[in-house]
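Chemist: Just need the structure, nothing else, for what follows:
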Amino acid sequence: MDPKDLSRIVAGCALLRGLQWRVRRSSRSLREGGYRSTFRGKGMEFEQTVRYEFGDDVRDIDWNVTARKGEPYRKKYVEERELSLLLLVEDSPSLCFGSQGRTKRETALEAAGFLAVLSAENRDRVAILHVYPGGYRLYPSKRHRRGILGSLLQLLTSRPPDRWPLPPLEIPWRVVHSALVRGGVLVWLGDFAGETKPADWERLRSRFELVGIRIDDPWEQRLPEIGVIDVLDPTSGEFLTLDTSSPGVRRRQEEWVRDRERRWKELFPSSRSACVLRTDLPVASGLAQFLLARRRQMSVA
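Modeler: Now for the predicted structure:
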């Protein structure tokens, strides 16, 4: 076995063990139903209208019936037994960049792993779509913990792009439609460095609950003024000389940041569906804060 492959497998196993430990230490509200209620909304089937009682979810109030009856009534739902989740991991070459001791790719894989382990603990169905330059691999939907962790380990030990020129990366949206049941949750992970809105984005919105997780590096937000440096462009495999103090270079980066932010907002306009993680901050706490904030926002929506 190639020593690099062995090293990657060992690192992947260590990361998986660490993820399971971090999920177990996550807040009880995430582990005991709070995680699932964070993604309610499209995984619910209407059953009947009943009188509202103190403590019921105000989001379920049926205002038409309430106005007609003169007292509050709410919609009662039958919740699906399990949540169906598809993790779309966009493994673009630009993820290989990292200025803080770890790459954006490592951060993205850890985020996908945290969500997969959390879903396995909640006995939900999880599928993983790993998209990389020139192809993709679908790990079919699985419900049992062992199956989910097996798929996750293969993702965590996958080889990053390391040969140039790289073929284009294209997300197979037809596979997304076939791999996820209607009302399921699509979590799209990547750095969203150059994406445009997919042609059938509105159809995806109507069929699934959409969540975006963007991976950022501090240098992408603002270049440090450290003079002239040599850098590797992960999208082309070329070494470049970059003058970080050049006004022109800094202006172009600021324009890129604004353009990326605009495209990000077009895809995920609500803070309930958009999570930004950074390579210099803990992934688990960032995701936990996002999920808990999303739950609070949904409770008052």
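
Chemist: where does the stretch 51-200 of the chain have low pLDDT?
Modeler: Filtered on pLDDT under 70, the stretch 51-200 of the chain yields the residue ranges 54-57, 59, 76-82.

Chemist: in it, which spans are strands?
Modeler: Taking DSSP state E, counting those that start in this stretch to define them, one finds strands in the stretch 51-200 of the chain at 73-79, 84-90, 125-132, 135-142, 185-190.

Chemist: could you dump the ones you listed to JSON lines with mean neighbour count and distance to residue 200?
Modeler: From N, CA and C alone the C-beta is placed, and that goes for glycine too. Output for the strands of the stretch 51-200 of the chain, formatted as JSON lines (neighbours: other C-beta atoms under 10 Å; distance: least, C-beta to C-beta, whole Å):
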{"stretch": "strand 73-79", "mean neighbour count": "16", "distance to residue 200": "28"}
{"stretch": "strand 84-90", "mean neighbour count": "24", "distance to residue 200": "14"}
{"stretch": "strand 125-132", "mean neighbour count": "24", "distance to residue 200": "16"}
{"stretch": "strand 135-142", "mean neighbour count": "17", "distance to residue 200": "17"}
{"stretch": "strand 185-190", "mean neighbour count": "24", "distance to residue 200": "12"}
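
Chemist: Which stretch among the ones you listed approaches residue 243 most closely?
Modeler: strand 185-190 (28.6 Å; C-beta to C-beta).

Chemist: That closest one: what's the following helix or strand?
Modeler: Sequence-wise, the next helix or strand downstream of strand 185-190 (DSSP states H and E) is helix 201-207.

Chemist: ok, and for that following helix, which residues are buried?
Modeler: 204, 207 (16 or more other C-beta atoms under 10 Å).

Chemist: Can you tell me which helices and strands that helix packs against?
Modeler: Applying 3 or more C-beta pairs under 8 Å, 6 or more residues apart in numbering; DSSP states H and E, one finds that helix 201-207 contacts helix 173-179.

Chemist: list the helices and strands the helix it packs on packs on?
Modeler: Judged by 3+ C-beta pairs under 8 Å, 6+ apart, the packing partners of helix 173-179 are strand 84-90, strand 125-132, strand 135-142, helix 201-207.

Chemist: Turn these into a markdown table, columns for distance to residue 10.
Modeler: Below are the helices and strands packed on helix 173-179 laid out as a markdown table (distance: least, C-beta to C-beta, whole Å):
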| stretch | distance to residue 10 |
| --- | --- |
| strand 84-90 | 21 |
| strand 125-132 | 20 |
| strand 135-142 | 21 |
| helix 201-207 | 37 |
